[in-house]
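Colleague: Build me a structure from this.
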Amino acid sequence: MSVTKLQVSRRQRATPYTPRVEALGVSGYSVVNHTILPKGFRRTVAEDYWHLKSHVQLWDVGCQRQVQLQGPDAGLLAQLLTPRDLRNAQVGQCLYAPMIDETGGMLNDPIILKLAPDHFWFSIADADMLLWARAFALGRGLDVQVDEPDVWPLAVQGPKSDDLLARVFGDKVRNIGFFKFERCDFQGHDLVVARSGFSKQGGFEIYVDEFSLGTYVWDTLWDAGSDLDISPGCPNLIERIEGGLLSYGNEMTRDNNPFECGLEKYCQLGDELDYIGRPALQRIAELGHAREIRGLVFAGEPCKTPQFPWPVTNDNDQVGYVTSATWSPRLEQNVSLAMIERDFWQPGTEVVVKAGNDLDHRGVVTSLPME
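Modeller: Next up, the predicted model:
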């Protein structure tokens, strides 16, 4: 989508970083959680991919909105919203967690940050969760405030991320564990800094909790990285597919359950936990799931990710569908994520991809992440 054609209003919100990414040549946006998300800059996706794997990038991910639970029953509501067992969660921990409905269908896959025993952030993917959480708080009569705080995540991704953040926040950031966070001082303001992000190249997410502070954080990081080949960036489709990182709305929707998405390890199935959709999830676990996300590589001309799922066949019978796809310059073939039926999801299984150009391309199912 051309930047000049996207009209941003209160319904499609800009972020604190929008003036900076526009000055740096953003080439297009998507809309996530009613907020604009940069999708590219002047270089190609392949050039961005190689840069991300070698240097450091700043990503405007202000679209990662927070659903905040705060109050005496915050922990009770947090557990009600996910099948992941939160009983042993520690303050300072980030937890990847599925959210499901009463049928076991996926509603979201946020990162949950435990800020205090009575204070949680659900850093959500692209699906409205605020009213869902508020409804259950009201329906259960819980003593908890549920709202969307003034928080605008900024991602720093790439192998030079530690060096960059150490210059701004001090060397203590080097000791932040994976999926852990610390509060770090920025000009007298405490910011939550987490070792996380939507890439496999290492990095951090900074939860800037004041809109007006955003440009100062961006500019400070940008200036500090002048000799590190710092660049603006965004989630890279090639790197995401190779790394097996799932995108809600692409790889999974309400039509999918956590087992189909490879998220079984995040689901506590015993009766000791009370969460929405537990009986349905228990039934699915007993019956078994018939399909699951896998990697898939296939030949042919470089492709673009499908707007509609591409059928995957074996002996002319459909056995799955491609959810996201692109050309990998590293593997020199098309790579994709695909939902594949049980009898065909074993890595090495040969299939045919019926791509959007109506051509059949021979492919092979792979494990994730792709080596």
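
Colleague: Would you map out the domains in this structure?
Modeller: Domains of the chain are assigned by automatic domain parsing as 3-64+151-241, 66-135+257-288, 290-371.

Colleague: Dump these into JSON lines; add distance to Glu251 as well.
Modeller: Where you see a C-beta, it was placed from the backbone N, CA and C, and this is true even at glycine. Formatted as JSON lines, those follow (distance: least, Cβ to Cβ, whole Å):
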{"stretch": "domain 3-64+151-241", "distance to Glu251": "10"}
{"stretch": "domain 66-135+257-288", "distance to Glu251": "7"}
{"stretch": "domain 290-371", "distance to Glu251": "5"}
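
Colleague: Mean neighbour count, mean pLDDT and distance to Ser247 for those domains - can I get that in JSON lines?
Modeller: Formatted as JSON lines, the domains of the chain follow (neighbours: other Cβ atoms under 10 Å; pLDDT from 0 to 100; distance: least, Cβ to Cβ, whole Å):
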{"stretch": "domain 3-64+151-241", "mean neighbour count": "18", "mean pLDDT": "95", "distance to Ser247": "7"}
{"stretch": "domain 66-135+257-288", "mean neighbour count": "19", "mean pLDDT": "97", "distance to Ser247": "7"}
{"stretch": "domain 290-371", "mean neighbour count": "17", "mean pLDDT": "94", "distance to Ser247": "7"}
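
Colleague: just so I know, which of these lies nearest Gln145?
Modeller: Within these, the stretch nearest Gln145 is domain 66-135+257-288; the backing value is 5.0 Å (Cβ to Cβ).

Colleague: now that closest one: how far from the chain's centre is it?
Modeller: 15 Å (Cα atoms, centre = their mean, to the nearest Å).

Colleague: out of the domains of the chain, which comes closest to Val144?
Modeller: domain 66-135+257-288 (3.9 Å).

Colleague: gap between the two ends of that closest one?
Modeller: Domain 66-135+257-288 has an end-to-end distance of 33 Å (Cα to Cα, to the nearest Å).

Colleague: now stretch 152-161
Modeller: 19 Å.

Colleague: Please work out which residues outside it touch it.
Modeller: Contact partners of stretch 152-161, identified using Cβ atoms under 8 Å, 6 or more residues apart in numbering, comprise 15-17, 51-62, 64, 123, 164-165, 197-199, 201-209, 211, 214, 217-218, 221, 225, 228-229, 233.

Colleague: gap between it and the chain center?
Modeller: Counting by Cα atoms, centre = their mean, stretch 152-161 comes out at 14 Å from the chain centroid.

Colleague: quick one: secondary structure of Arg167?
Modeller: Following DSSP: H, G, I helix; E, B strand; the rest coil, Arg167 is assigned to helix.

Colleague: backbone phi and psi for the residue lying closest to it once chain neighbours are set aside, please?
Modeller: The shortest distance from Arg167 to any non-neighbouring residue, by Cβ to Cβ, 6 or more residues apart in numbering, is to Ala224 (4.4 Å). Phi and psi for Ala224, reported as degrees, to the nearest 10, are phi -70, psi -20.

Colleague: what sits against Ala224?
Modeller: With Cβ under 8 Å, 6+ apart, Ala224 has these contacts: Leu164, Arg167, Val168.

Colleague: do the same with Ile36
Modeller: With Cβ under 8 Å, 6+ apart, Ile36 has these contacts: Leu6, Val8, Gln12, Arg13, Ala14, Thr15, Thr18, Tyr29, Ser30, Cys63.

Colleague: so the third one makes contact with Ser30?
Modeller: I take that to be Gln12. No: contact criterion Cβ atoms under 8 Å: Gln12 and Ser30 do not qualify, at 10.3 Å.

Colleague: Strands of the stretch 151-300 of the chain, start to end?
Modeller: Using DSSP state E, counting those that start in this stretch, the strands of the stretch 151-300 of the chain run over 152-157, 181-186, 189-194, 203-208, 230-233, 291-298.

Colleague: want to throw those into CSV with distance to Ala325?
Modeller: Below are the strands of the stretch 151-300 of the chain laid out as CSV (distance: least, Cβ to Cβ, whole Å):
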stretch, distance to Ala325
strand 152-157, 22
strand 181-186, 33
strand 189-194, 30
strand 203-208, 25
strand 230-233, 21
strand 291-298, 8
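
Colleague: out of the ones you listed, which comes closest to Leu269?
Modeller: Using Cβ to Cβ, those put strand 291-298 closest to Leu269, at 17.2 Å.

Colleague: Can you list the neighbours in contact with the closest one?
Modeller: Against strand 291-298 from outside (Cβ under 8 Å, 6+ apart): 241, 244, 246, 251-252, 259-262, 312, 320, 322-323, 328, 331, 333-342, 345, 347, 351, 353, 355, 361-370.

Colleague: Output that strand in PDB, but only the C-alpha positions, please.
Modeller: These are the backbone C-alpha positions of strand 291-298, laid out as PDB (Å, rounded to 0.1, in the frame of the first residue of the first chain):
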ATOM      1  CA  ARG A 291      -3.400 -30.900  10.900                       C
ATOM      2  CA  GLU A 292      -0.400 -28.900  12.000                       C
ATOM      3  CA  ILE A 293       1.800 -26.000  10.900                       C
ATOM      4  CA  ARG A 294       4.900 -27.100   9.000                       C
ATOM      5  CA  GLY A 295       7.600 -25.500   6.800                       C
ATOM      6  CA  LEU A 296       7.400 -26.100   3.100                       C
ATOM      7  CA  VAL A 297      10.000 -25.300   0.400                       C
ATOM      8  CA  PHE A 298       9.100 -25.400  -3.300                       C
END
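
Colleague: Good, wrapping up.
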